[in-house]
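**Student:** Structure for the following, please:
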Amino acid sequence: MATANGQAESSGAAPEYIESLDRGLRTLEMLGAAGKPMSLSEVAKAVGLARATVRRILFTFQRGGFVESDGRLFALTPRVLSLASAYLSSNQLVAVLQPVIDQVATETREVCSMAVLDGEEVVFVARGSPARVFSAGIDIGYRLPAFCTSVGRVLLGRLSDQALKGALRSARRLRMTERTVLDPDRLAAIIAEDRAKDYSLVDREAEPGFRSIAVPVRRYDGAIIAAINVGAHVDRISLDEMVARFLPSLKAAARTVQPLLL
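**Tutor:** Residues are numbered from 1 along each chain as shown. Model (predicted):
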């Protein structure tokens, strides 16, 4: 069905749905994910929209200061950071967890991160790092598949068994390393075991040479709303050492913040 201005409405969309806004946000997201300036044709192909539509979207963002262009290529400006900053400053989780994340990083002498579930992926929204440790890659806003990460499996564990199996079967399960578990039934069993243990330990499934241990962050009523983890390269720590050294700090941090999360 067409609208009064001749544009087609999305099938099944609610009356309040603004298709043009959705297209604009997808375009902004694609520019960020590209990691480099893109031409108009490249952006249009990436988001699956007509060049004329993308041209109007980019011009609008350029007028708003969120996109810049040299006449051929388009790129995000630092102003987009205001959107992330608004989320971080208004999010109770980040405000409450940041001090204990920093404490875990100091105790373990490793990077400690917090992630939330966003569809089939986890998004890292906070991190703490000991002063003398430099770590690249896992930073705020970084995304990874939920099914093969320790934080993701902890978060997926909040689903019922039936919902979990359905989510795993429908999810895109890409082989990240040679050790990545892809079978949905096996994944469901692993996540159920992790749920019973109240932590998840993933060994080189998401990234080569990297293992990670995570625990759930629960709200005051026991609902899982986030996960915190500590990771390290395999040449520096064994699986048993991760459980012995990192797990107590992670669990203590999660217990500390639970009464504060409404």
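
**Student:** Might one say that A115 is in contact with E121?
**Tutor:** No. Contact criterion CB atoms under 8 Å: A115 and E121 do not qualify, at 9.3 Å. Any C-beta I mention is one placed from the backbone N, CA and C, and that applies to glycine too.

**Student:** Overlap of the contact sets of those two?
**Tutor:** Common contacts of A115 and E121 (CB atoms under 8 Å, 6 or more residues apart in numbering): G152.

**Student:** Distance from the chain centre to whichever strand or helix holds V94, please.
**Tutor:** Per DSSP states H and E, V94 falls inside helix 92-108. When distances are taken as CA atoms, centre = their mean, to the nearest Å, helix 92-108 is centred 18 Å away from the chain's centroid.

**Student:** Over to stretch 249-260?
**Tutor:** With CA atoms, centre = their mean, you get 21 Å for stretch 249-260.

**Student:** could you dump that stretch to CSV, C-alpha only?
**Tutor:** Presented in CSV, the C-alpha positions along stretch 249-260 are these (Å, rounded to 0.1, in the frame of the first residue of the first chain):
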residue,chain,number,x,y,z
SER,A,249,36.5,-11.4,41.5
LEU,A,250,33.8,-11.4,38.8
LYS,A,251,31.2,-13.1,41.1
ALA,A,252,32.0,-10.7,43.9
ALA,A,253,31.5,-7.7,41.6
ALA,A,254,28.1,-9.1,40.3
ARG,A,255,26.9,-9.6,43.9
THR,A,256,28.0,-6.1,44.9
VAL,A,257,25.9,-4.3,42.3
GLN,A,258,22.8,-6.5,42.3
PRO,A,259,20.9,-4.6,45.1
LEU,A,260,21.7,-1.3,43.2
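
**Student:** What residues sit buried inside that stretch?
**Tutor:** S249, L250, A253, A254, V257, Q258 (16 or more other CB atoms under 10 Å).

**Student:** Show me where the stretch 151-262 of the chain has its helices.
**Tutor:** 161-170, 184-197, 239-241, 247-257 (DSSP state H, counting those that start in this stretch).

**Student:** residue ranges with poor pLDDT in the stretch 51-200 of the chain?
**Tutor:** Along the stretch 51-200 of the chain, segments meeting pLDDT under 70 span 85-90, 131-138.

**Student:** Could you dump the buried residues of stretch 249-260 into a markdown table with pLDDT and distance to Q92 added?
**Tutor:** Shown next, in a markdown table, are these (pLDDT from 0 to 100; distance: CB to CB, whole Å):
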| residue | pLDDT | distance to Q92 |
| --- | --- | --- |
| S249 | 97 | 22 |
| L250 | 98 | 20 |
| A253 | 97 | 16 |
| A254 | 97 | 15 |
| V257 | 95 | 10 |
| Q258 | 95 | 13 |
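
**Student:** Tell me the one among those residues nearest to L28.
**Tutor:** Using CB to CB, V257 comes nearest to L28 of these, at 32.1 Å.

**Student:** ok, how many other residues are close to E110?
**Tutor:** 25 (other CB atoms under 10 Å).

**Student:** Next one: R218 from K251, what distance?
**Tutor:** Plainly put, R218 is 11 Å away from K251 if you go by CB to CB, to the nearest Å.

**Student:** Please list all residues in contact with A254.
**Tutor:** V215, P216, V217, R218, I228 are the contacts of A254 under CB under 8 Å, 6+ apart.

**Student:** for those, which one is nearest I140?
**Tutor:** The closest of the contacts of A254 to I140 turns out to be I228 (CB to CB; 13.9 Å).

**Student:** what pairs with that closest one across the strands?
**Tutor:** M114, V215 (DSSP bridges).

**Student:** Wait, it touches A252, no?
**Tutor:** No. In this structure, I228 is not within contact of A252 by CB under 8 Å, at 10.9 Å.

**Student:** Per-residue pLDDT of L21, please?
**Tutor:** Note on L21: pLDDT of 89.

**Student:** May I see the buried residues of stretch 159-167?
**Tutor:** L159, L164, K165, A167.

**Student:** hang on, the earlier thing: check the contacts of A254 and tell me the two furthest apart.
**Tutor:** Maximum pairwise distance among the contacts of A254 (CB to CB): 11.2 Å, between R218 and I228.
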